[in-house]
Every structure is written in structure tokens, then in C-alpha cells.
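In: Need coordinates for the below:
(4 chains)
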Protein chains: 2
Amino acid sequence: MARRERADAQRNRRAILQATEELLTRHRPEQISMELVAAEAGVGKGTVFHRFGSRMGLMLALVEDRALALREAVTSGPPPLGPGAEPRERLLAFLDGVVDVVARNKGLLAALGHAVTTTQKPEPDSRSAHPVYSFWHGHITELLAAQRPDLDTELVAHILLSTLSSDPILRMLERGEGDRLAKSFRTIVTTLVDA
Amino acid sequence: MARRERADAQRNRRAILQATEELLTRHRPEQISMELVAAEAGVGKGTVFHRFGSRMGLMLALVEDRALALREAVTSGPPPLGPGAEPRERLLAFLDGVVDVVARNKGLLAALGHAVTTTQKPEPDSRSAHPVYSFWHGHITELLAAQRPDLDTELVAHILLSTLSSDPILRMLERGEGDRLAKSFRTIVTTLVDA
DNA sequence: AGCTAAACTGGACTGACGGTCAATATAACG
DNA sequence: CGTTATATTGACCGTCAGTCCAGTTTAGCT
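Out: Predicted structure coming up:
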């Protein structure tokens, strides 16, 4: 029986998320302090911590928010992203989707990475990967395994995803060269799968 | 006419490097403060900063030190790592070598990554990649291009290297599964090159 | 050996940051 | 309205990277 969220709380949560996003497009994640986020959102610092628990909690919430559309497209959208298409096509479409999400939210994963390594209060689940990563990794692993069960699919999935938090590649994405990355992904995955 | 480094300075530099390395094998990089390094090395904090400039400078020096042997093996050692072997074999050997270096120095790249995103004083060359990365990337790019000039070799090299700073994979390496990574690298690269 | 300029050293200090909390304000609801 | 559960706030805390400089050590020279 969850009581509804108070109106001001909801408003503030949105403002904070939006402010964070806004700041992330203009500054490197490590330059964004929680105090700055609070100021930009027009709330007190305490509010930010009250709603999100920690720096990592905030970044995590933001990432989850931005990854939601892709997740829904995958679980219940139309092919080739959604169920129904061949694993090969689904995989290629999903990788395009992931690149797109990351490209459109420049420092997202970097911010998360930074949050993880910065947070002072150890989060209970900081050991386990966060939900978005788990989902992405699981989906890729599954689609790969459907075609090449002989490969170390889990590891290959990690390799592909690791790309998205690499500094040089993040800079590439910032320069708008997302297609370039998507294309190389396709090349690697198709040669691997069709081998 | 570079004046020689004073004996005490040399001794301390070694002690600091060694202490850092030692701490890195027992603690996560983000828990290692510069003060701790100084204490462990038996010197004052000021000394650490005097010698290495910043946290990032220290980590960078450490990485360079650990990567030196591989670099020399590549530029002037015997095949298949050194000059003389076929690009295909050289590439595979080099990737093995890189995995080995990273595996044997658990948190090395992670430490560097953390240093980069943590340092408060902006290093002059923090924008450009650090020398070890440049060398690794350049070498991979070159060997790839010798066989498949049609590929986006620079990007593929970045993709391969990005693997080595991924958290899940670093944890794998800590568990001693370096072979597993090396094997998947071989699979990916050979299918790509022989396609 | 004795001298001196240059290099080195260490720890008190600064500023910034993540996170806490007790006091205060206010939305929700009868 | 009055009541109450919930939300807000900013001063405060502990920690840490990095600075500073007075005092110490040493290489190089005679």
C-alpha cells in the first residue's frame, strides 16, 4: 500500500534528474558536484541525497531512465528489436540501439563508472553490476549463444559492452561518429557469427 | 647535461612506486590515498607530490614501469613478439602479452582510469592518451592494417583495448582467468583477419 | 675537508567534495 | 482548519588531493 509521492517531491525529483542531464551535456562527469546539481535544480543539497541516496544512486537513476525506452522496445516492441525476429537481426538491431542510447547521452556510462569509483558510502549492491548493464549483457549473451553456442558468449558480450565506457570511444561518440562505431560492431559480430 | 638524480631521491622514488604497487594488490585503487602511499613508503606526503606531481602522475609512472618489458620485447625482442614475424602471429602474440601484463598487475589500468577521472589539478596532457595506451593502440592498429586495410583498424584497436578497463573483465582477471580472455581475443581477431 | 647552491623532505594547511541530520516547512486529507 | 506523515534544507563532518615552505641533505667544486 504505497502512499503516493508528494507533488513537490515528484517535481523536485524531475528537476534534479533534468538538471543532472543538462549538466552532463556540458561538463565532464567528474566536474559535476552534487552541490552543483542541487543548485542547478533549484533545491537544497540535502534533497538530492534524500531522493537518490548518493552520487551513484543519482547516476544510476538517470541511466535507468534513459535506457527504459530501449528495454521496452526489446521486451515488447516490434521486430527486429522486439521478439519475433531472427537472433542475428535482433542482435544487430540491439547493438545499434545500445550505441544510439549511449551516443545520445554522452557521458552516461562514464558518469556511472565515475560514480561507482567515487562514491564513499559503499552501496549495498555496488558489487553486482547495475540493472541496465545486466540486462544489456544478458540480452547480448543470449542472442549470441543462440547462434554460436560454442563461443564464450558471456565474455564476448562483456567485450562488446566494455567499448562503451572507453574514453577514446566516448570522445568519438561526442564527435557524432556513432555510425562509425555501429558499423564496426556489425562487422565484428557478423564475421564472428557467420564464421 | 642532466644532473644525476640524488641517491636519496632515487631510493624514495623506488620506495613509493613499490609501496603503490604493493597497496594495489591488496586494496581497490579508489581506497588508496596519497597519504597512505606516503606512509607505506616511509616518506612524507610532500615527497610523493614532488616526485610525481599528482595522483595521476604516480599511477602513470607505475603503468609505464610495468609496461616497459613488453614494449622492449616488441621493438627489439625476438619473434613472434618482436620484428620479423608475420603480422598475424605478431598481433596474436602481442595481445597475449597485453593480457598478461594487465592480468599480472590487477588494478593497473583501473587505477589509471580512476586517477584520470579523479585528479583535481588538470594535467597538461590529460587530454591526450598516455604513452602506454598510445603505443599499444598504435601497434595493434598497424598489425591489423597490414592484414585488413579495409577495416576501421583504429577503432577496432580501441575496442580491443577498452576491454582491459572494464570492471567485469578486470574482476575476471583477478580470478586468474586471463587465459579465457586471451582465448576470446584470439577467436575474435583470427575470424576477423581471416574472413 | 669545507663551502654553497640546488635539490629534497615532511607535515601543517587549504579548499572542495560526498554524505548526515536535526530543525523546519508543507502537501494531503478528513 | 488541524493533524500528521512526508519532504526540504543548509550548516556541519570527515576525508582527501594538492600546496607551501622552512629546514635538511647532498653533489660538485676547490
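In: quick check: longest helix of chain A.
Out: Longest helix of chain A, by residue count under DSSP state H: helix A:55-76.
In: helices or strands up against that helix?
Out: In this structure, helix A:55-76 makes packing contacts with helix A:7-26, helix A:34-41, helix A:45-52, helix A:87-104, helix A:108-118, helix A:131-147, judged by 3 or more CB pairs under 8 Å, 6 or more residues apart in numbering or on different chains; DSSP states H and E. The way it works is simple: take the backbone N, C-alpha and C, and place the C-beta from them, glycine included.
In: Rounded mean pLDDT for that helix, please.
Out: Taken as a whole, helix A:55-76 carries a mean pLDDT of 93.
In: check whether it contacts DNA strand C.
Out: Yes. Shown here: helix A:55-76 in contact with DNA strand C (CB under 7 Å from any atom of the strand) through A:55-56.
In: Figure out how far that helix is from the centre of its chain.
Out: Helix A:55-76 sits 6 Å away from the centroid of its parent chain (CA atoms, centre = their mean, to the nearest Å).
In: same thing with stretch A:6-17?
Out: Worked out by CA atoms, centre = their mean, stretch A:6-17 lies 22 Å from the chain centre.
In: who in chain A is up against DNA strand C?
Out: Within chain A, the residues that sit near DNA strand C (CB under 7 Å from any atom of the strand) are A:4, A:6-8, A:32-36, A:45-46, A:49-50, A:53-56, A:118-121.
In: tell me the contacts of the most centrally placed residue in chain A?
Out: The structure's chain A has its C-alpha centroid closest to A:Val63; by CA atoms, centre = their mean the separation is 4.8 Å. Contacts of A:Val63 were listed using CB atoms under 8 Å, 6 or more residues apart in numbering or on different chains, and they are A:108-109, A:111-112, A:130, A:132.
In: shaky segments in chain A?
Out: Across chain A, the stretches falling below the confidence threshold (pLDDT under 70) are A:1-3, A:111, A:113-129.
In: which bits of it sit near chain B?
Out: Residues of chain A lying close to chain B (CB under 8 Å from any CB of the partner chain) are A:29-30, A:110, A:113-114, A:116-118, A:129, A:137, A:151-152, A:155-156, A:158-159, A:161-163, A:165-169, A:172, A:180-181, A:183-184, A:187-188, A:191-192, A:195.
In: Kindly give a single ChimeraX line that selects the buried subset of those.
Out: The command below creates a ChimeraX selection of those among the residues of chain A next to chain B that count as buried (16 or more other CB atoms under 10 Å in any protein chain shown):
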select /A:29,30,110,113,114,116,117,118,129,137,151,152,155,156,158,159,161,162,163,165,166,167,168,169,172,180,181,184,187,188,191,192
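In: Looking at the residues of chain A next to chain B, which are in helices?
Out: Counting by DSSP H, those place A:110, A:113-114, A:116-118, A:137, A:155-156, A:158-159, A:161-162, A:167-169, A:172, A:180-181, A:183-184, A:187-188, A:191-192 in helices.
In: ok, A:Lys106 to chain B distance?
Out: Going from A:Lys106 to chain B by CB to the nearest CB, to the nearest Å gives 15 Å.
In: interface residues of chain A facing DNA strand D?
Out: A:3, A:5-6, A:8-9, A:11-12, A:43-47, A:49-51.
In: out of these, what pair is the most spread apart?
Out: Checking those against each other with CB to CB, the farthest-apart pair comes out as A:Arg3 and A:Lys45, at 25.2 Å.
In: the more surrounded of these two?
Out: Relative neighbour count places A:Lys45 above the other of A:Arg3 and A:Lys45, with 14 against 5, counting by other CB atoms under 10 Å in any protein chain shown.
In: Burial check on the residue lying closest to that one once chain neighbours are set aside, number of neighbours?
Out: Excluding the flanking residues, the one nearest A:Lys45 by CB to CB, 6 or more residues apart in numbering or on different chains is A:Ala38, at 4.4 Å. Residues within reach of A:Ala38, counting by other CB under 10 Å, total 20.
In: give the contact list for A:Ala38.
Out: With contacts defined as CB under 8 Å, 6+ apart, A:Ala38 is in contact with A:16, A:44-45, A:47-48.
In: can you put those in TSV and add distance to A:Ala85?
Out: Output for these, formatted as TSV (distance: CB to CB, whole Å):
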residue	distance to A:Ala85
A:Ile16	38
A:Gly44	48
A:Lys45	47
A:Thr47	44
A:Val48	41
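In: out of these, who's nearest B:Ala103?
Out: Distances from B:Ala103 to the contacts of A:Ala38, taken by CB to CB, are shortest for A:Val48, at 39.3 Å.
In: Am I right that the closest one is in contact with A:Leu58?
Out: Yes. Look at A:Val48 against A:Leu58 with CB atoms under 8 Å: they come within range, at 6.8 Å.
In: So which of those two has more stuff around it?
Out: A count of neighbours by other CB under 10 Å puts A:Val48 above the other of A:Val48 and A:Leu58, at 25 against 22.
In: Domain ranges for chain A, per the record?
Out: Chain A breaks down into these structural domains: A:1-53, A:54-193 (assignment by automatic domain parsing).
In: Out of the ones you listed, which is the most enclosed?
Out: Ranked by mean neighbour count under mean count of other CB atoms under 10 Å in any protein chain shown, the domains of chain A are led by domain A:54-193, which reaches a mean of 18.
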